[in-house]
Each structure stands twice: as C-alpha cells, then as structure tokens.
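*Asks:* have a look; sequence and predicted model below, questions after that.
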Amino acid sequence: MKTPLKKPSLGRQALERLHGVQKGAGRFFKRPTSGMRTDLTANGKPVIFIHNPRAGGRSLEAFFNVERLSHAFPVDRLNEKHWLENFVVTSVRHPLERFFSGYFSFVMTPDKNSLVKLYGWGIKELDALEYLDLIKRHPSHIGPQVQWSDFPSATKPRADLMLRFENIAHWNDDIAAAGVDTKGRTIPHIGKSGNKMRVEPADVRLDARGFADLKDGVFDYLRADFEAYGYTMP
C-alpha cells in the first residue's frame, strides 16, 4: 500500500478484541438481536431485517422500526431454527456500485468513521485500489454480500426477501407483495438512493489502467455476489 497508514493504537486494539469477545458471545447465545428484530410480520412469521451495508439499509431500518444499527452476519447471530422461523429480509446492490459507495463514504468524505478510528486520517488519501486492499482485512465493511443474504441451511439457503437497490422506487410494493403487513408505512429515503453511479477513473484517484485493474480486483473479491445475484460487470 503506497499511502502510509498508522497502526491501530493499543486502546483501539483492546476495543477490537472486546468486540471480538462480544461477537463470540453472540455466536454462543444465538438469537435475533435488537439490530435485526422488527415490529412487522409476514404471513404469520416475525420479520427480521439483515442490514447489508451500502445497500439502502438505513431506509429499511427506519421502515422496519429496528432499534439499532447492526451489520451482523446472520450465521453469527442466528441458529437454523431462528433462520427458518422468521421471515428474513435484506437488500443487495450491484457489487461495483456498492464498492464505490463505500469508497466515497469512507474515503472521500471528511467524516470520521470506523476505518479512521482504526488507521487514522491517512485513509482519506487512499486511491480505490488501496482501499480495496484495506477492506479485504475488514469483511464486515464492504465484504461479499452473501455474508448477509445467505445461511448454511438446505431448507432455506437465502433470505426470504432480497430487495435490489436498483429497484428502490418499488420496494414498498415488493415488500407488500411478499406478504409483509406494512401497517400502512412507506419507506423513507434516507441518503442518496436509486440513481446509477457513473464513476470515472479520476473520481477514485486512478488512471485508466488502474481503473481497469480495480474492476478486475472488485470482480475477483466479490465474485460470489456477481454469481449469486446475476449481476454483470459493466
């Protein structure tokens, strides 16, 4: 990585270890968390929401009245009984657009975020190839979406309802058509949504060759998403 990043402080490393312990406890005492539970039902089943980052999740959290933000993988928080007994909803997005959304959010805004807390403000200088290398260490940020949509169950290997980000204008209809009792709610559009990104090499600090390498790298890293959801690389 050409751009120097500071090592996480001892305090930050200790906090990350604590988070690891908490995740371990969650794996042991598996049940839907307050970051998954909603107040809606679908065909008699409780609805739980799995928040895949950078795919319209904030709007869905508000719609489903989820108590808190959580990007937990379902396999880490649910056993198969819970997975089958609940109606599981998540959202997905074209892998390349989702990657760019993460890059612009984590790197190109002045905001402090979890990666800044880990590595310092140097992440704001990363080009998109360097950012790709970095997030491979942190799959809970912009890792493969199948980590949120899929579960090791032969009975139900994928969420009951997967909302595609590019169809966000129709999500209200899609949710109702799936049998969810929406209680008359409509999805609030929090943040930018629905518009297809047009990204040029200079937008992500690359030349044309670097941009081509980036697309290859994103495809290789997120190949499972392209295959699972039928997306193609533009």
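*Replies:* Nice, I can see it.

*Asks:* tell me where the protein has strands.
*Replies:* 37-42, 45-49, 87-92, 161-164 (DSSP state E).

*Asks:* could you dump these to TSV with mean neighbour count and distance to Asn79?
*Replies:* For the C-beta atoms, the positions are set from N, CA and C on the backbone; glycine is no exception. Compiled in TSV, the strands of the chain are given as follows (neighbours: other C-beta atoms under 10 Å; distance: least, C-beta to C-beta, whole Å):
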stretch	mean neighbour count	distance to Asn79
strand 37-42	18	15
strand 45-49	22	13
strand 87-92	24	13
strand 161-164	21	20
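
*Asks:* nearest to Leu214, out of these?
*Replies:* Go through those one by one with C-beta to C-beta and the one that ends up closest to Leu214 is strand 87-92, at 20.7 Å.

*Asks:* local confidence estimate at the residue nearest the centre of the chain?
*Replies:* Centroid check for the chain by C-alpha atoms, centre = their mean gives Pro53 as the closest residue, at 2.2 Å. With respect to pLDDT, Pro53 scores 96.

*Asks:* verify the stated contact: it with Leu69.
*Replies:* No. With contact defined as C-beta atoms under 8 Å, Pro53 does not reach Leu69; the gap is 9.6 Å.

*Asks:* so for stretch 175-187, mean pLDDT?
*Replies:* When pLDDT is averaged over stretch 175-187, the result is 96.

*Asks:* going forward, the N-terminal residue is numbered 845.
*Replies:* Sure, I'll start numbering at 845, so the last one becomes stretch 1019-1031.

*Asks:* one step back: look up phi and psi at the residue nearest to the centre of the chain.
*Replies:* Pro897 adopts backbone torsions of phi -60, psi 150, taken as degrees, to the nearest 10.

*Asks:* re earlier: turn the strands of the chain into CSV, including distance to Gly1054 and mean pLDDT.
*Replies:* Formatted as CSV, those follow (distance: least, C-beta to C-beta, whole Å; pLDDT from 0 to 100):
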stretch, distance to Gly1054, mean pLDDT
strand 881-886, 42, 98
strand 889-893, 37, 98
strand 931-936, 27, 98
strand 1005-1008, 29, 98
